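> 3D, please:
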Amino acid sequence: MDAPLWSIKKTAKNAFVITMDFPYGAIGKDSTFKCLLSFDRHHDNPKSDQNLAKKHLDKAKSLKTFCLDGGDLFCAMQGKYDRRSSKSDVRPEHQNGEYLDSLVETAADFFEPYADIMPVFGLGNHETAILKAHETNLTDRLTHSLRERTGAECFTGGYSTWVKFQFRFRNKEGVKVIRDSKTLWMFHGSGGDAPMSFGTLNVKRQASIIPDADIVATGHSHNEFVVPLPRARLSKNGIPYLDEQVHIKVPTYKEEYGKGIKGWHVERGAPPKPIGATWLVFKAYMPIIEGKNATAYKFYCDTERAK
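Have a look, this model is predicted:
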């Protein structure tokens, strides 16, 4: 299947609609479309795997799709008065008297070739910590720089961000008709490492307060899982049906364990973490309604590891 054209519209400070336009006849059984979800890049940390990040963004660009980022793109812990700072965690290009400015500048240099496929950048706790301590929004500054450099539609989301995916098809007459939609809720994450449950206990808690989401994606803990949560529903026409809410824990690009010799991560007894991102995969299917095949394809959500 050829990749659809896509466009984005900002509907609120932390809400967006991404519309994917499919030409007539483009969708058939087993047709798929995917986009990339990334969290916890910690791009400026020496332990962040920038080569892997580039590989995934190059792949997304070749697929003519997009990447949504869920926060902690910056690590930003090596400022002059930051009690967490360590000389070993500063890249050479940031060893200057303009630390925060250089973080934004080098990030803009790295992501500039991908600005046209990175429409939404969420906030993480590392960005909000800088905002509280220094009254500057690194994410806003990055998206502003990317817009200024490229003219691309790059937006800052929130610590939680809504994205509605609309699947729009042309019919035989060439008229565009929205046939299906899926709603994603991205939340950067909260709490500790959860070494035994990996955070899966939060699935039911989040499901109880986010009923409108088809997909819930979180990060923060640098863990990885996919938990489908089946639901019994009632349609607007009074017809019972089943669907599922998919909960995704997206990993990190920051590899802190190394050989386990020393360092904050090792010394607190933390384990190695999965490295990479997550492909969100939409697969076409023909639904059966009251025992009969429908007349138009719809999409269900699946995932693939980006590693």
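> contacts, neighbours, all on C-alpha from now
Noted.
> Extract the residue ranges of this protein that are flagged as low pLDDT.
Across the chain, residues meeting the criterion (pLDDT under 70) sit at 1-2, 29-30, 81, 83, 87, 288-295.
> For it, which segments count as helices?
Remark: helices assigned in the chain by DSSP state H are 50-62, 99-111, 125-134, 138-150, 202-209, 264-267.
> out of those, which comes closest to residue 173?
Nearest of those to residue 173, taken as C-alpha to C-alpha: helix 50-62 at 30.5 Å.
> Same question for that closest one: list its buried residues.
In terms of neighbour count (16 or more other C-alpha atoms under 10 Å), helix 50-62 has its buried residues at 50, 52-53, 56-57, 60-61.
> tell me the angle of it relative to helix 99-111?
If you take axes from the mean of the first three to the mean of the last three C-alpha atoms, to 10 degrees, helix 50-62 sits at 50 degrees to helix 99-111.
> Give me the contact list for helix 50-62.
Residues from elsewhere that reach helix 50-62 (C-alpha atoms under 8 Å, 6 or more residues apart in numbering): 35-36, 43, 66-67, 114, 117, 253, 276, 306-307.
> Sitting in strands, which of those residues do you find?
Among the contacts of helix 50-62, the members falling in strands (DSSP state E) are 35-36, 67, 306.
> biggest separation within these, which pair?
Greatest spatial distance in those: 67 and 306, 11.9 Å, computed using C-alpha to C-alpha.
> which of those two has more neighbours?
residue 67 (25 against 20; other C-alpha atoms under 10 Å).
> How about the more buried one: what's its closest non-neighbour residue?
Excluding the flanking residues, the one nearest residue 67 by C-alpha to C-alpha, 6 or more residues apart in numbering is residue 36, at 4.5 Å.
> rewinding a little: same list, the buried residues of helix 50-62, but as CSV with distance to residue 282 please.
Shown next, in CSV, are the buried residues of helix 50-62 (distance: C-alpha to C-alpha, whole Å):
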residue, distance to residue 282
50, 27
52, 23
53, 22
56, 18
57, 18
60, 15
61, 17
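> which of those residues lies closest to residue 211?
residue 60 (29.5 Å).
> coming back round to it: now, among the buried residues of helix 50-62, which is nearest to residue 231?
Of all these, residue 231 sits closest to residue 60, with 31.4 Å by C-alpha to C-alpha.
> gap between stretch 52-65 and the chain center?
How far stretch 52-65 lies from its chain's middle: 14 Å, per C-alpha atoms, centre = their mean, to the nearest Å.
> Dump the C-alpha coordinates for it into PDB.
What follows is stretch 52-65 as a C-alpha-only set of coordinates in PDB (Å, rounded to 0.1, in the frame of the first residue of the first chain):
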ATOM      1  CA  LEU A  52      19.800   4.300  16.500                       C
ATOM      2  CA  ALA A  53      17.500   7.400  16.800                       C
ATOM      3  CA  LYS A  54      18.700   8.500  13.400                       C
ATOM      4  CA  LYS A  55      18.200   5.000  11.900                       C
ATOM      5  CA  HIS A  56      14.500   5.000  13.100                       C
ATOM      6  CA  LEU A  57      13.800   8.500  11.800                       C
ATOM      7  CA  ASP A  58      15.400   7.700   8.500                       C
ATOM      8  CA  LYS A  59      13.100   4.600   8.300                       C
ATOM      9  CA  ALA A  60      10.100   6.800   9.100                       C
ATOM     10  CA  LYS A  61      11.100   9.200   6.400                       C
ATOM     11  CA  SER A  62      11.500   6.500   3.900                       C
ATOM     12  CA  LEU A  63       8.000   5.200   4.800                       C
ATOM     13  CA  LYS A  64       6.600   8.700   4.300                       C
ATOM     14  CA  THR A  65       5.100   8.600   7.800                       C
END
